[in-house]
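# Could you work out the structure for the sequence below:
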Amino acid sequence: MKNEGEKSPRTLDHALRPADWAEYVGQPTIKENLRILLSAAKKREHQPEHVLLYGPPGLGKTTLAHLITKEIGSNLRSTSGPAIERVGDLASILTNLSPGDVLFIDETHRLNRTIEEILYPAMESGVLDIVIGKGPAARTVQLDLPPFTLIAATTRISMLSAPLRSRFSGGTFRLAYYTTPEIATILKRSARVLGIEVDDESLHEIARRSRATPRTANYLLKRARDFAEVMGEPFTIKTVKKALALLEVDERGLNQIDRDILTILIDKYGGGPVGLKTIAAAISEEEATVEEVHEPYLMQIGFLDRTPRGRTVTARGYEHVGAKKVPSQQKLI
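Sure thing, here's the model as predicted:
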């Protein structure tokens, strides 16, 4: 049974989001551009133009949508690409918007092309074109929509059609990975929200293992808190290291699958080059999981290279797993 006042996970995750721009750490260029966009729109008494946010998951795209909505004093209507299966779904969402609303569509790259085409006139002219009937008797009905701002978020901008990308007149912004000090600052606030008494050394340890991503950092902080509470230990650097070791997260933020990729490439294939299909089969994972979840971070920290012939482990990758390159491998890396 939950104690009175205990927050549900959903409420807790929402509480960890920054409440205003002052609490939002990182992405200084994006924040400044958005500040100018919103201030100019407010000064002209116009609805802010549509914005596209893209970048790896967990960097704060949804949080930015909430902050933009709060800044203009409006309501946020949220949905996602997979949830909009038919044209009628999008038509229902758009016609139920109130003047000044912000429509947030997450995973926008998963919208099908037919639905994208309905968005074009809605974004550009504020109208919704609906085709009634089929064949020669078909006719188009045009409905006026209230002024609204569309904020689209995607992790794969290349999958958006060029006509849709060009209609984000407010700007297209790419969120970058965070630095360790920025993550530590985010964790300090999260610890305060969670009611955790923690020292800077412990926060820095979690930050440097967080894969430069706030969502991952908050996840590790919560799991370390759980470990400390269940084991009856104080929240110290020693406890944090024990908790992260149990989660199989090493000092560079690699999990077991990340290490398996490096180890298999070195032990079975001499460090590479090796194709994606071979790597996926060797670790019993899907190709998309290797390419989209594990590879980007391994490449970001310089442990893996992607070459025309395949993936190769770098000198840093060898060093991390405690392996030694042989002369024949030196030529490939």
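# can you map out the helices along the stretch 51-200 of the chain?
61-71, 87-95, 113-124, 162-165, 180-194, 200-208 (DSSP state H, counting those that start in this stretch).
# Mean pLDDT for these - can I get that in JSON lines?
Below are these laid out as JSON lines (pLDDT from 0 to 100):
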{"stretch": "helix 61-71", "mean pLDDT": "91"}
{"stretch": "helix 87-95", "mean pLDDT": "85"}
{"stretch": "helix 113-124", "mean pLDDT": "84"}
{"stretch": "helix 162-165", "mean pLDDT": "88"}
{"stretch": "helix 180-194", "mean pLDDT": "91"}
{"stretch": "helix 200-208", "mean pLDDT": "92"}
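# Can you add mean neighbour count and give these back as CSV?
Where you see a C-beta, it was placed from the backbone N, CA and C, and this is true even at glycine. Written out in CSV, the entries for these read as follows (neighbours: other C-beta atoms under 10 Å):
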stretch, mean neighbour count
helix 61-71, 20
helix 87-95, 16
helix 113-124, 16
helix 162-165, 14
helix 180-194, 18
helix 200-208, 20
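# Let's have the ones you listed in TSV, adding distance to residue 22.
Conversion of the helices of the stretch 51-200 of the chain to TSV gives the following (distance: least, C-beta to C-beta, whole Å):
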stretch	distance to residue 22
helix 61-71	10
helix 87-95	32
helix 113-124	31
helix 162-165	31
helix 180-194	11
helix 200-208	19
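# Would you mind splitting the protein into its domains for me?
The chain is divided into the following domains under automatic domain parsing: 27-174, 180-246, 256-330.
# Distance from the shortest one to the middle of the chain?
For domain 180-246, the distance from its own C-alpha centre to the chain's C-alpha centre is 20 Å (C-alpha atoms, centre = their mean, to the nearest Å).
# If we ignore the residues flanking it in sequence, what's nearest residue 318?
residue 325 (5.4 Å; C-beta to C-beta, 6 or more residues apart in numbering).
# circling back to that earlier point, among the domains of the chain, which is nearest residue 15?
domain 180-246 (5.4 Å; C-beta to C-beta).
# re the thing from before, for the domains of the chain, please prepare TSV with the additional fields distance to residue 18.
Formatted as TSV, the entries for the domains of the chain read as follows, by distance: least, C-beta to C-beta, whole Å:
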stretch	distance to residue 18
domain 27-174	6
domain 180-246	8
domain 256-330	24
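# closest one to residue 14 among those?
Residue 14 lies closest to domain 27-174 among those, at 9.0 Å (C-beta to C-beta).
# How far does that closest one sit from its chain's centre?
Distance, stretch centre to chain centre, for domain 27-174: 18 Å (C-alpha atoms, centre = their mean).
# So residue 47 versus residue 70, what's the distance?
Using C-beta to C-beta, to the nearest Å, one obtains 16 Å as the distance from residue 47 to residue 70.
# what about this structure, any weak spots by pLDDT?
For the chain, applying pLDDT under 70 flags the ranges 1-13, 131-139, 326-333.
# please redo it, this time with the cut-off set to 80
Regions of the chain meeting the criterion pLDDT under 80 cover residues 1-15, 129-142, 144, 272, 322-333.
# could you pull out the strands for it?
Using DSSP state E, the strands of the chain run over 51-54, 76-80, 101-106, 127-132, 139-144, 148-154, 171-174, 304-307, 310-313.
# Next, count neighbours for the residue nearest to residue 318.
19 (other C-beta atoms under 10 Å).
# Hmm, it is touching residue 271, no?
Yes - in this structure residue 325 lies within contact range of residue 271 using C-beta atoms under 8 Å: 6.7 Å.
# How many residues are close by residue 30?
Taking other C-beta under 10 Å as the neighbour definition, residue 30 ends up with a count of 20.
# mind listing what it touches?
Residue 30 is in contact with 64, 173, 175, counting by C-beta atoms under 8 Å, 6 or more residues apart in numbering.
# if we go to 7 Å?
173, 175 (C-beta atoms under 7 Å, 6 or more residues apart in numbering).
# quick one: it from residue 53, how far?
8 Å.
# try residue 123
When C-beta to C-beta is applied, the distance between residue 123 and residue 53 equals 15 Å.
# Quick check: closest non-adjacent residue to the most centrally placed residue in the chain.
For the chain, the residue nearest the mean C-alpha position is residue 57 (1.8 Å; C-alpha atoms, centre = their mean). Distance criterion C-beta to C-beta, 6+ apart; nearest residue to residue 57, sequence neighbours excluded, is residue 155 at 5.4 Å.
# hang on, the residue nearest to the centre of the chain packs against residue 154?
No - Residue 57 is beyond contact range of residue 154, at 10.1 Å (criterion: C-beta atoms under 7 Å).
# before we move on, back to that, I'd like to know how far the residue nearest to the centre of the chain sits from residue 247.
Relative to residue 247, residue 57 is positioned 19 Å away (criterion: C-beta to C-beta).
# Alright, that wraps it up for me.
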